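Below are the sequence and a predicted model; questions follow.
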Amino acid sequence: MSTIELTKENFDQVVSDNGFVLIDFWASWCGPCHRFAPVYEKASDRHTDLVFGKVDTEAQPELAAAFEIQSIPTLMIVRDKVAVFAQPGALPEPVLEDIIGQARALDMDAVRKSIAEAQA
């Protein structure tokens, strides 16, 4: 599956309609972003059941600001409308695969319970 360009117009819809979304925050001038791009694309081809999105931080500054993106590339994973992972840096392929596996294994009921307890 190819990646989807995420914009402020389609972001909420994509995240709401899909239970597992990976988001790559990037910019065209960013060298590490260009090195991470093929790793991210290969993962999207392998994990066709997941949604892979990209946010161009230059074209979508509101999204970058909303998620407090300080460094790019930053990978974020959203499961069931909950951000469960966010980390800056160009990840090597084995690390990205490990993170996807860990995110798949999360018990989202436990995650939501933990969030509710932290907010209480």
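Received, thanks.

Tell me the spacing between His34 and Lys113.
40 Å (Cβ to Cβ, to the nearest Å). (Glycine included, C-beta is placed from N, CA and C.)

what about these two, which has more around it?
His34 (14 against 11; other Cβ atoms under 10 Å).

Pretty sure the more buried one sits in a helix.
Yes: under DSSP: H, G, I helix; E, B strand; the rest coil, His34 sits within a helix.

And the pLDDT at it?
Looking at His34, its pLDDT is 95.

List the buried residues of stretch 76-83.
76-79 (16 or more other Cβ atoms under 10 Å).

hmm, I was thinking of stretch 45-52
So stretch 45-52, judged by 16+ other Cβ under 10 Å, has buried residues 47, 50-52.

what does stretch 17-37 give?
Buried residues in stretch 17-37 (16+ other Cβ under 10 Å): 18, 20-27, 30, 33, 36-37.

Where does the residue nearest the centre of the chain sit: helix, strand or coil?
The centroid of the chain falls nearest to Ile23 when counting by Cα atoms, centre = their mean (2.4 Å). With three-state DSSP as the basis, Ile23 sits in strand.
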